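J.: What follows is a predicted structure for the sequence shown.
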Amino acid sequence: MIRLFSGSLFKGAGLAFGLVAVIGCMFASMAYGATQIGWPDVIHSFTQYDGTSNAHIIVQTSRVPRAFTAAAIGASLAVSGSLIQGLTRNPLADPNVLGINFGASFMVVFTVTLLSVTSLPVLTGVSFLGAAVAAIAVYLLGSLGRDGLTPLKIILAGAALSALFSSFTQGMLVLDEQSLNEVMFWLTGSVAGRSLDMLEAVLPLMATGWIAAIVIARHMNVLTMGEDTAQGLGQRTLFIKMGAGFIIIALAGSSVAVAGPVGFIGLIVPTIARLFAGNDYRWIIPYSAVLGAILVLLADIAARFVVQPEELPVGVMTAIIGIPAFIAIARKGSVKK
């Protein structure tokens with residue numbers, strides 16, 4: 001009992017430290033960029049806002065939405081990644097296994113090329129629709145057959161539909177090169193230029209997904225023991241899988257809708273979270289949320305300085321960080337759960 005308490009106390013302290021780090025990274029995101037702004041000015045823009053101060057205007061109109069968006073999508077992608085890895089029992093899986101990125105990209109390109117719509121709020125909506133349709137289609141295909149929904153069938157169905165959506169997307173872009181220029185920045189994943197209104201539109205869905213992930217965490221612990229073991233312990237595995245699937249769609253779909261396909265967060269963050277949280281999903285999920293937010297915030301800050309005076313989309317930076325991590329995880333083979 002003492003050991004369990006001390007372990008929980010240590011994990012709780014680590015989580016509290018992580019939350020403080022998230023806040024610090026958010027303030028850093030508001031301070032650093034093409035225009036350097038002092039931390040006192042950042043704080044004063046909240047407590048003593050001056051509409052004639054360029055620093056205050058930049059912080060409140062540009063960097064605050066950017067920081068909150070980066071933190072929210074980082075947490076959402078990481079939590080959805082931890083759930084999909086538990087669902088498939090595969091440490092190399094991420095939300096894109098369900099075809100979420102490819103479905104969203106297809107709908108955005110379809111809307112721009114064939115409907116000539118370039119409004120960012122509209123593209124946000126159709127992006128989420130595409131992500132949801134793709135994920136639901138993968139689930140339905142993965143449920144066919146006598147065995148029902150299995151991790152292997154989810155992966156195979158996701159790979160097939162992802163290839164299909166990707167082919168359609170590339171075909172439309174080849175036929176209309178002008179549309180390629182209009183959607184390329186979105187397709188690489190970016191939090192620049194996003195408004196708080198766009199985040200607020202999906203924030204209730206994200207918050208619901210975060211809470212639901214915490215609720216389902218103890219059931220994920222049982223499910224990761226294996227289908228037969230989980231059923232032997234009385235778990236209704238189909239309902240848990242479906243519930244986890246809807247949470248993944250809500251979190252990853254809303255993230256892609258706001259920022260585009262920001263890759264590798266759902267892949268590498270859960271692996272890092274397990275180093276701190278062990279195998280208990282009641283800790284893996286909150287640790288994933290905190291670490292995901294920190295990683296995207298730091299990646300976005302770094303993206304502002306790599307190719308100054310221009311800046312890279314955050315999706316490019318997460319790929320630069322994620323590819324070596326992916327290779328390391330793949331070389332290690334399998335991660336104990």
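T.: Perfect, thanks for sending it.

J.: Pass me the low-pLDDT residue ranges in the protein, would you?
T.: Within the chain, the segments meeting pLDDT under 70 span 1-7, 148, 177-182, 332-337.

J.: biggest helix in the protein, by residue count?
T.: helix 2-31 (DSSP state H).

J.: and that helix, which residues are buried?
T.: 11, 15, 18, 21-22, 25-31 (16 or more other Cβ atoms under 10 Å). All C-beta spots, glycine's among them, are computed from the backbone N, C-alpha and C.

J.: before we move on, what about stretch 242-260?
T.: Buried residues in stretch 242-260, counted by 16+ other Cβ under 10 Å: 243-260.

J.: follow-up on the earlier one: which helices and strands sit right next to the longest helix of the chain?
T.: helix 39-47, helix 64-88, helix 265-277, helix 281-303 (3 or more Cβ pairs under 8 Å, 6 or more residues apart in numbering; DSSP states H and E).

J.: try it again with 6 Å
T.: In terms of contacts (3 or more Cβ pairs under 6 Å, 6 or more residues apart in numbering; DSSP states H and E), helix 2-31 is packed against helix 39-47, helix 64-88, helix 281-303.

J.: Quick check: buried residues in stretch 156-166?
T.: Buried-residue list, stretch 156-166, by 16+ other Cβ under 10 Å: 157-158, 161-162, 164-166.

J.: Kindly report the same for stretch 119-137.
T.: Within stretch 119-137, the residues that qualify as buried are 123-124, 126-137, counting by 16+ other Cβ under 10 Å.

J.: Over to stretch 230-240?
T.: Judged by neighbour count using 16+ other Cβ under 10 Å, the buried positions of stretch 230-240 are 230, 235, 237, 240.

J.: likewise stretch 213-224?
T.: Neighbour-count burial for stretch 213-224 [16+ other Cβ under 10 Å]: 213, 216-217, 219-224.

J.: Which members of those residues are the farthest-apart pair?
T.: Farthest-apart pair in the buried residues of stretch 213-224 is A213 and V222; separation 15.3 Å (Cβ to Cβ).

J.: Distance from the strand or helix carrying I327 to the middle of the chain?
T.: Per DSSP states H and E, I327 falls inside helix 314-332. Once both centres are worked out by Cα atoms, centre = their mean, to the nearest Å, helix 314-332 turns out to sit 15 Å from its chain's centre.

J.: can you check stretch 89-101 too?
T.: On the basis of Cα atoms, centre = their mean, stretch 89-101 sits 11 Å off its chain's mean C-alpha point.

J.: ok, of the buried residues of stretch 156-166, which one's closest to G315?
T.: Looking across the buried residues of stretch 156-166 and measuring by Cβ to Cβ, the closest to G315 is S166, at 15.9 Å.

J.: Identify the residue nearest that closest one in space, chain neighbours excluded?
T.: With Cβ to Cβ, 6 or more residues apart in numbering as the criterion, S166 has its nearest non-adjacent residue at 5.2 Å, and that residue is F102.

J.: Tell me the first helix or strand C-terminal of the helix or strand harbouring the one you found.
T.: Element membership for F102, per DSSP H and E: helix 100-115. Toward the C-terminal end, the helix or strand that comes next after helix 100-115 (DSSP H and E) is helix 120-142.

J.: Good, wrapping up.
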